[in-house]
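K.L.:
Sequence first, predicted model second:
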Amino acid sequence: TTTRLDAFMIDSSLFSLIDPSKFSMLERNVVSMLDSFFQSQPYLSAFVTCSFKASAADLVVQSQSDSEEEVTNNNSACSSSSSSSPQEENASSSVDIRRNIGFLLYGGLYQGMVQEYIYNTWYPSIFGDSTAIWTVLQQVMIDLIFLSPFICLPVAYLFKAGISEDQSIPDGLQKYITHVKDEGLLVKYWALWFPVQCLTFGVIPQHLRILFIAFVSFFWLMILSAISARDGQTATTTTTTSATD
């Protein structure tokens, strides 16, 4: 007998995630419009949702990095006889637009449109609509063992290298390999996404999968962006040290 997750299956409507009686007619109409948008425009909704999410996650990390850098600069200024010029302070607190565009495009194109095709077209053509536990685990394992380490994560580093950091493809791939070895990137990825993807394929309605993944990956992209920010700070520190030697 095949064990199924049907007892936990959410019906295919955004209303299934909320209690409509707690909202006004206007709010229910808005929810209904959003639900219809995600069902009728899957690729557009995936791009808009995931690009906005990726850009916002990077901006949050950049603002946090700027705050930490400002504290460090203030502490350094207290023990130094020279202070930074206003131009230097503005430069240090400015948003890295190229890096943010890289995350925005990665979020919209890959995490949005490509994953919409993989999870809602390709997977159903292979596994059907079954929510049997073994079927769900097969989808999760394919995602974590093959798609993520060989496609999903490398693509993220290629976007960052080619767009935000203006580096070559080999540089991006080398950075990915370094982060896998030194930062435990895959271990962190698997620890987060194994339970998440079990919910994605076993519980979440198909047309809401990308929205659910986008919500969770907001925090995952903050991790990736933070790693990128640390690399930038390390490179800046190395350059400054070399210049003063």
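P.N.:
Sure thing, it's come through. Numbering: from 1, shown residues only.
K.L.:
From Ile101, how far out is Gln62?
P.N.:
Using CB to CB, to the nearest Å, one gets 12 Å for the distance from Gln62 to Ile101. In short, each C-beta sits where N, CA and C put it, glycine included.
K.L.:
neighbour count winner among the two?
P.N.:
The neighbour count for Gln62 versus Ile101, taken as other CB atoms under 10 Å, is higher for Gln62 (22 against 16).
K.L.:
Quick check: nearest residue in space to that one, chain neighbours excluded?
P.N.:
Of all residues not flanking Gln62 in the chain, Val95 sits nearest, at 5.8 Å (CB to CB, 6 or more residues apart in numbering).
K.L.:
same thing with Ile101?
P.N.:
Ile101 sits nearest to Ile163 (CB to CB, 6+ apart), 6.0 Å away.
K.L.:
Can you classify the one you found by secondary structure?
P.N.:
State at Ile163, reduced to three classes by DSSP: H, G, I helix; E, B strand; the rest coil: helix.
K.L.:
what's the answer for Ser130, then?
P.N.:
Under three-state DSSP, Ser130 falls in the coil class.
K.L.:
ok, Val216 - contacts?
P.N.:
Val216 sits next to 192-193, 196 when contact means CB atoms under 8 Å, 6 or more residues apart in numbering.
K.L.:
Narrow those residues to those in helices?
P.N.:
Among the contacts of Val216, the residues falling in helices (DSSP state H) are 192-193, 196.
K.L.:
thinking again about what came up before, nearest to Asp129 among the contacts of Val216?
P.N.:
Nearest to Asp129 among these: Val196, at 19.9 Å, using CB to CB.
K.L.:
Okay, the closest one and Leu173: tell me how far apart.
P.N.:
Counting by CB to CB, the gap from Val196 to Leu173 is 26 Å.
K.L.:
Tell me where the model's unsure across this protein.
P.N.:
In the predicted model, the chain carries pLDDT under 70 at residues 1-23, 66-93, 164-166, 228-245.
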